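S.K.: What follows is a protein structure lacking sequence information:
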């Protein structure tokens, strides 16, 4: 095995290293702040003789607010439970999150950038009309996505599907080597190892050739995989690097919103997205939870511009004079004559549009024959669970593939808590025996598919910045369905009997966590 190229020393494990880490210091400071807040309420309770009355007023006030705000029903019920158990603290937490303390500035800036770029990409002339003429009902979703952001529908785009992270990685390396103008990378996870090392070598070589290279990664990595100075290390090598929402030693709701996207754009000609992050487990070079099953897509053609725009919107969050135009010129001409229609889209947690969930529900509600789904997590809200049930109840073949070996025990337990209700409605559920499914895939009726970063859980649907590609009658859709069936052959089917024999720990954990799942 070749030597791994690194910019920093591997993190040492052990209690002593944890105690002297930056993460531990931040954690201690946040715990101290929480302790001070709790102490204040305890002191207040002893000080005031009418504390029970005040508690009641807080409870009633909180519940009245919840009934009159625009919050979805699932998180509303969770907040009611918290307020019933901890009235004053619960109301204080509710106010803290609803007043946007910690991310008010980010929310304002995101809204400004979305507004400024609402017409940055023109809808290609005649494409929407062509889609409507072919299938009158198919353009509704395209119009909805256009209303939610600058997400045009394209027809001159070739889409390649990768059924494994290894396949994406091989294509990614070849495409990076072809870069002549710019490379834009936005990833939720980057971890030093073979995969990132091979990519980094190419990025450094491209910088020397005069290629503009930008890397944006989520701030949670400073806790999990990368040192806090990693962006500076990249900048020393000529790579422009930024960290989204870095972790700081202050209690803030800002940390709840993460950049979960996986975007790579090369010269405005080629774009990648899907579930594959930049770490060795995603290409099965390192085993964590058995075999890692993931998927990705590569786009060539006009639709690449949408991913360029999505990247630039996030990159410019902290820029006083954002620059978009030079990078959004259409540089791409696809080979041959690609079929079908493509809509790259993003989902922002700071607006009121649940774009990711709406696209999934549209596929479920319009399906006639089948909807086949791969997802690592199954923690849907009431609306999405109802859509899954209704599709199955009206005769659609609804199948879900989930992990056989989970990465998070609590998420696995929560998923299992939904199994019985879905099975009773006719939904078929399977677990991937060889390991962990990280793919986020919908495919329906041999005509529609979505591949992207959006899981079927509250975190993806409500709290993260996400992205995906909606495809209609593109050439790769049969490949996506074929991959689903091949994966299905390696799965065990969930039945009422297997649920009955499930571990007691999963049953208890899933039942208890249901109360707060919308807030996790």
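M.R.: Happy to help now that I have it. Please read these numbers as outputs of a predicted model, since none were measured by experiment. Numbering: from 1, shown residues only.

S.K.: Now residue 360. Nearest residue, chain neighbours left out?
M.R.: residue 442 (6.1 Å; CB to CB, 6 or more residues apart in numbering). Where C-beta positions appear, they are placed from N, C-alpha and C, glycine not excepted.

S.K.: That neighbour belongs to a strand?
M.R.: Yes - counting by DSSP: H, G, I helix; E, B strand; the rest coil, residue 442 falls inside a strand.

S.K.: what sits against it?
M.R.: Taking CB atoms under 8 Å, 6 or more residues apart in numbering, we find residue 442 in contact with 360, 363, 371-373, 448-450.

S.K.: Show me the beta-bridge partners of it.
M.R.: Taking DSSP bridges as the rule, residue 442 bridges to residue 373, residue 450.

S.K.: got the contact list for stretch 386-399?
M.R.: Stretch 386-399 has contacts (CB under 8 Å, 6+ apart) with 360-361, 364-365, 367-373, 380, 400, 421-422, 425-430, 484, 488.

S.K.: What's the ChimeraX line that selects buried ones from these?
M.R.: The ChimeraX selection below is limited to those of the contacts of stretch 386-399 classed as buried (16 or more other CB atoms under 10 Å):
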select :360,361,364,367,370,371,372,373,380,400,422,425,426,427,428,429,430,484,488
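
S.K.: So which of the contacts of stretch 386-399 sit within strands?
M.R.: In strands, defined here by DSSP state E, the members of the contacts of stretch 386-399 are 370-373, 400, 428-430.

S.K.: and of those residues, the nearest to residue 385?
M.R.: Closest to residue 385 out of the ones in strands among the contacts of stretch 386-399 is residue 400 (11.6 Å), distances taken as CB to CB.

S.K.: quick one: that closest one from residue 505, how far?
M.R.: To residue 505, residue 400 is 23 Å away according to CB to CB, to the nearest Å.

S.K.: go on, residue 494?
M.R.: When residue 494 is compared with residue 505 (using CB to CB), they lie 17 Å apart.

S.K.: next one: residue 420
M.R.: Look at residue 420 and residue 505: by CB to CB, they are 17 Å apart.

S.K.: out of those two, which sits in the more crowded spot?
M.R.: Between residue 420 and residue 505, residue 420 has the larger neighbour count (other CB atoms under 10 Å), namely 14 against 10.

S.K.: burial of the closest residue to the more buried one other than its chain neighbours, as a residue count?
M.R.: Sequence neighbours aside, residue 499 is the residue nearest to residue 420 in space, at 5.6 Å (criterion: CB to CB, 6+ apart). Residue 499 has 16 neighbours, counted by other CB under 10 Å.

S.K.: try the one 5 residues further on
M.R.: If you count neighbours by other CB under 10 Å, residue 504 ends up with 7.

S.K.: pretty sure the residue nearest to residue 420 is in a strand, no?
M.R.: No - assigned with three-state DSSP, residue 499 falls outside any strand and is helix.

S.K.: Do I have it right that it meets residue 416?
M.R.: Yes - counting by CB atoms under 8 Å, residue 499 touches residue 416, with 7.2 Å between them.

S.K.: Residue 195 is in contact with residue 280, isn't it?
M.R.: Yes - at 5.3 Å, residue 195 counts as touching residue 280 under the criterion of CB under 8 Å.

S.K.: Which one's more surrounded, the two?
M.R.: More crowded of residue 195 and residue 280, by other CB under 10 Å: residue 195, with 26 against 21.

S.K.: I'd like the distance between that one and residue 299.
M.R.: Distance, residue 195 to residue 299, using CB to CB: 21 Å.

S.K.: Once you drop chain neighbours, what's closest to residue 65?
M.R.: Of all residues not flanking residue 65 in the chain, residue 94 sits nearest, at 7.4 Å (CB to CB, 6+ apart).

S.K.: which secondary structure element contains that neighbour?
M.R.: According to DSSP states H and E, residue 94 maps onto helix 87-98.

S.K.: Can you pull out the residues in contact with the next helix or strand after that helix?
M.R.: The helix or strand immediately downstream of helix 87-98 is helix 104-116, counting by DSSP H and E. Around helix 104-116, the neighbours that count as contacts under CB under 8 Å, 6+ apart are 100, 149-150, 245, 254, 257, 313, 316-318, 322, 348, 350-351.

S.K.: let's see 10 Å
M.R.: With contact meaning CB atoms under 10 Å, 6 or more residues apart in numbering, helix 104-116 is reached by 100, 103, 120, 148-150, 244-245, 253-254, 257, 309, 312-319, 322, 324, 346, 348-351, 465.

S.K.: Okay, and which of these map to strands?
M.R.: 244, 346, 465.

S.K.: Wait, residue 148 touches residue 353, no?
M.R.: Yes - the pair residue 148 / residue 353 is scored as a contact, 4.5 Å apart, by CB atoms under 10 Å.

S.K.: These two: who's more crowded?
M.R.: Between residue 148 and residue 353, counted using other CB under 10 Å, residue 148 has the larger neighbour count: 20 against 15.

S.K.: mind listing what the more buried one touches?
M.R.: Applying CB under 10 Å, 6+ apart to residue 148 gives the contacts 114, 345-348, 351-355, 358-359.

S.K.: Break down the stretch 301-450 of the chain into its helices, ranges please.
M.R.: Along the stretch 301-450 of the chain, the stretches classed as helices by DSSP state H, counting those that start in this stretch are 304-315, 355-366, 382-393, 409-425.

S.K.: Report the angle between the longest one and helix 382-393.
M.R.: With axes from the mean of the first three to the mean of the last three CA atoms, to 10 degrees applied, the angle from helix 409-425 to helix 382-393 works out at 40 degrees.

S.K.: now helix 409-425, how far from the chain's geometric center?
M.R.: Centroid separation for helix 409-425 versus its chain: 20 Å, with CA atoms, centre = their mean, to the nearest Å.
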